[in-house]
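In: okay, structure incoming, though there's no sequence with it:
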């Protein structure tokens, strides 16, 4: 598919496809047909795209902002600090490489968002959205064997954005593109609720488009493969990951794809793309791929957090107790032990969680990145067990690790522990510094609001609550908080913090302008 660039049919080898209930499929098709006759539905507010032949940078960014506003409110959206930080370790070097190579021009780099959103979906999928946004399903992170394979997928999606494929699609057939875009966006939102209903939605839009649009999309897929592959080595990733990833895709597609709608595919058959990758990176040459301890831990985390169900969580907890587990090599034990500890915490079995976390410690001792992930998991387990002092103790070694101290999981876990201990001034100091550099971190703003409220600074607390809403593009809620703060300052009169009141007045005007712009786009 073109806009969402799905890498696989929804089923995977471990999650067979099922036929939808007739009523679900009919409802999905009816909704897709309705798109042709009506504006985009309220839950996906599309901006006005104009009548020109091209989608400008501003229009594409506005379109992406509109989609993201909806995705932030989707229950499958997950803001998990360790996983998000890990994906960004892959994404950001690719963006820098694209900029340095000239595949991404400076204007596009400055005007697009380059943000990644995670979804609690078990399917192997990532999708590029307009305006430099990227969606990644946890199923993809859990399925790949290395950061190099993950980089292959993200580089492909990045190339769809850097090569302006969405704008080129619109230019190719502007008459049909609003229908295709609307259908695809609804499909993105529906995918995590009902795979087959989502497919029906997207089929409705694609079937209404001209057949030559699909051929053009195949060209774009090949271009994204080529441009994305050329980013891997400059970004520090092993190009062998491309061949390995495409081999995985080919295997899964062969097992799950019944080929019922080949004419609706907007990318080449996996075998074609696989052959191209094999020609670029012949098997048996180059540096062999390696699953790092950190990747094993993050893949395990993704699998546990992708809502597998209680039975599956229990199975993960029991894996280290199986008779053959002791025979595994140390690297092979890291992922299962991490999964067992986190799954036990999800099941509220603190004793088992602590047991498997401790068993993991000696396996991560010689790898700095793995030690960080182990410390962060330990702090997370301690906080879940309502032991904030223990959480701080487990974070202590990473406080002297300069790089770890600047990373989001460390900042947020430490702040959460300090809040639980009532050390609010320390939280406020740390988070004010953090949000000055990362103003769109909604979780940081929420905890900063708690810290300020506990320090009897209600104006600041209300402003922080507003900034948390701005971060997820809920400008209406942000205005409510800022107006409440403004009213509070007026009632306080001479007793008010006038510097803070002035900041609130300024932010109120700025957010009101953002809200007006958002309304104009809808």
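Out: Looks like it came in fine. Model, not experiment: these values are computed from the prediction. Numbering: from 1, shown residues only.
In: show me which residues of the helix or strand containing residue 363 are buried.
Out: Using DSSP states H and E, residue 363 sits in helix 350-364. For helix 350-364, the neighbour count (16 or more other C-beta atoms under 10 Å) marks 350, 352, 353, 354, 355, 356, 357, 360, 363, 364 as buried. For glycine as for every other residue, the C-beta is placed from the backbone atoms N, C-alpha and C.
In: wait, the third one touches residue 381, no?
Out: Yes. Under the criterion of C-beta atoms under 8 Å, residue 353 makes contact with residue 381 at 5.0 Å.
In: and for those two, which residues touch both?
Out: Residues touching both residue 353 and residue 381 (C-beta atoms under 8 Å, 6 or more residues apart in numbering): 341, 345.
In: where do the helices of the stretch 101-250 of the chain begin and end?
Out: Assigned by DSSP state H, counting those that start in this stretch, the helices in the stretch 101-250 of the chain fall at 106-111, 138-143, 147-162, 165-172, 177-190, 195-208, 211-232, 240-256.
In: least reliable of the ones you listed by average pLDDT, please.
Out: Looking at the helices of the stretch 101-250 of the chain, the lowest mean pLDDT belongs to helix 195-208 (a mean of 41).
In: tell me the residue furthest from the middle of the protein?
Out: residue 494 (45.8 Å; C-alpha atoms, centre = their mean).
In: ramachandran angles for that one?
Out: Residue 494 adopts backbone torsions of phi -70, psi -20, taken as degrees, to the nearest 10.
In: now for it: which residues touch it?
Out: Contacts of residue 494 (C-beta under 8 Å, 6+ apart): none.
In: quick one on the thing from earlier: which residues sit against the helix holding residue 363?
Out: 293, 317, 320, 330-331, 333-334, 337-338, 340-342, 344-345, 370-371, 373-374, 377-378, 381, 384-385.
In: quick check: mean pLDDT across that helix?
Out: Taken as a whole, helix 350-364 carries a mean pLDDT of 97.
In: show me how far that helix is from its chain's centre.
Out: Taking C-alpha atoms, centre = their mean, to the nearest Å, one finds helix 350-364 lying 28 Å from the centre of the chain it belongs to.
In: please apply the same query to stretch 312-325.
Out: 29 Å.
In: how far does it stretch from start to finish?
Out: 18 Å (C-alpha to C-alpha, to the nearest Å).
In: that one: which residues count as buried?
Out: So for stretch 312-325, counting by 16+ other C-beta under 10 Å, buried means 313, 316, 317, 319, 320.
In: tell me the one of the residues you listed nearest residue 151?
Out: Nearest to residue 151 among those: residue 316, at 26.4 Å, using C-beta to C-beta.
In: doesn't residue 343 make contact with that closest one?
Out: Yes. Judged on C-beta under 8 Å, residue 316 makes contact with residue 343 at a distance of 4.1 Å.
In: okay, and the common contacts of those two?
Out: residue 304.
In: thinking again about what came up before, tell me how far the residue farthest from the centre of the chain lies from residue 294.
Out: 55 Å (C-beta to C-beta, to the nearest Å).
In: neighbours of residue 292, how many?
Out: 16 (other C-beta atoms under 10 Å).
In: now for it: which residues touch it?
Out: Counting by C-beta under 8 Å, 6+ apart, residue 292 has contacts 146, 147, 367, 369, 370.
In: pLDDT wise, what is the last one at?
Out: Spelled out, it's residue 370. On the pLDDT scale, residue 370 gets 97.
In: helix 350-364 and the helix or strand harbouring it, what's the angle between them?
Out: Taking DSSP H and E as the definition, residue 370 sits inside helix 368-384. If you take axes from the mean of the first three to the mean of the last three C-alpha atoms, to 10 degrees, helix 368-384 sits at 170 degrees to helix 350-364.
In: how far does helix 368-384 sit from the chain's center?
Out: The answer for helix 368-384 is 21 Å, by C-alpha atoms, centre = their mean.
In: before we move on, what about stretch 334-343?
Out: With C-alpha atoms, centre = their mean, you get 22 Å for stretch 334-343.
In: do the same with stretch 433-450
Out: 19 Å.
In: same check on stretch 438-455?
Out: Using C-alpha atoms, centre = their mean, the offset of stretch 438-455 from its chain centre is 22 Å.
In: look up how far residue 144 lies from residue 288.
Out: Residue 288 is 16 Å from residue 144, by C-beta to C-beta.
In: these two: which has the busier surroundings?
Out: residue 144 (24 against 8).
In: let me see the contact set for the more buried one.
Out: Residue 144 touches 150, 153, 245, 248, 295, 299, counting by C-beta under 8 Å, 6+ apart.
In: re the thing from before, PyMOL command to pick out the buried ones of the contacts of residue 292?
Out: Buried residues within those, by 16+ other C-beta under 10 Å, are selected in PyMOL with:
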select buried, resi 146+147+367+369+370
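In: can you tell me which of the contacts of residue 292 lies nearest to residue 97?
Out: Checking those one by one against residue 97 (C-beta to C-beta), the nearest turns out to be residue 147, at 14.2 Å.
In: ok, that closest one touching residue 295?
Out: Yes. Under the criterion of C-beta under 8 Å, residue 147 makes contact with residue 295 at 5.4 Å.
In: dump the buried residues of helix 350-364 to a markdown table, plus distance to residue 411.
Out: Formatted as a markdown table, the buried residues of helix 350-364 follow (distance: C-beta to C-beta, whole Å):
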| residue | distance to residue 411 |
| --- | --- |
| 350 | 25 |
| 352 | 28 |
| 353 | 23 |
| 354 | 24 |
| 355 | 28 |
| 356 | 26 |
| 357 | 21 |
| 360 | 23 |
| 363 | 26 |
| 364 | 21 |
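In: between these, which is nearest residue 110?
Out: residue 364 (38.9 Å).
In: next, the contact list for the residue nearest to the closest one when sequence neighbours are not counted, please.
Out: Setting aside the residues directly before and after it, residue 364 is nearest to residue 370 in space (C-beta to C-beta, 6 or more residues apart in numbering), at 3.8 Å. Contacts for residue 370 (C-beta under 8 Å, 6+ apart) come out as 292, 293, 294, 297, 334, 363, 364.
In: correct me if wrong: the fourth one contacts residue 336.
Out: To tie it back to what came earlier, the one meant is residue 297. No. Contact between residue 297 and residue 336 fails when scored by C-beta under 8 Å: they sit 10.4 Å apart.
In: give me the buried subset of the contacts of helix 350-364.
Out: Using 16+ other C-beta under 10 Å, the buried members of the contacts of helix 350-364 are 293, 317, 320, 333-334, 337-338, 340-342, 344-345, 370-371, 373-374, 377-378, 381, 385.
In: residue ranges in the stretch 251-400 of the chain under the pLDDT threshold?
Out: 251-274, 282-286 (pLDDT under 70).
In: how about the helices of it, start to end?
Out: With helices called from DSSP H, counting those that start in this stretch, the stretch 251-400 of the chain shows them at 270-280, 293-305, 310-318, 330-346, 350-364, 368-384, 388-399.
In: circling back: and the residue nearest to residue 364, how far from residue 59?
Out: For residue 370, the distance to residue 59 - C-beta to C-beta - is 44 Å.
In: swap in residue 278?
Out: 39 Å.
In: look at the two and report which has more neighbours.
Out: residue 59 (21 against 14).
In: am I right that the more buried one sits in a helix?
Out: Yes. Secondary structure assignment (DSSP: H, G, I helix; E, B strand; the rest coil) places residue 59 inside a helix.
In: and the average pLDDT for stretch 113-132 is what?
Out: On average, stretch 113-132 scores 90.
In: how about it: buried residues?
Out: Buried-residue list, stretch 113-132, by 16+ other C-beta under 10 Å: 113-114, 116-132.
In: what do you get for stretch 425-439?
Out: Residues 427, 428, 430, 431, 434, 435 are the ones in stretch 425-439 that count as buried (16+ other C-beta under 10 Å).
In: which pLDDT value goes with the second one?
Out: What the model reports as pLDDT for residue 428 is 97.
In: dump the residue contacts of it.
Out: Per C-beta under 8 Å, 6+ apart, neighbours of residue 428: 448, 451, 452, 455.
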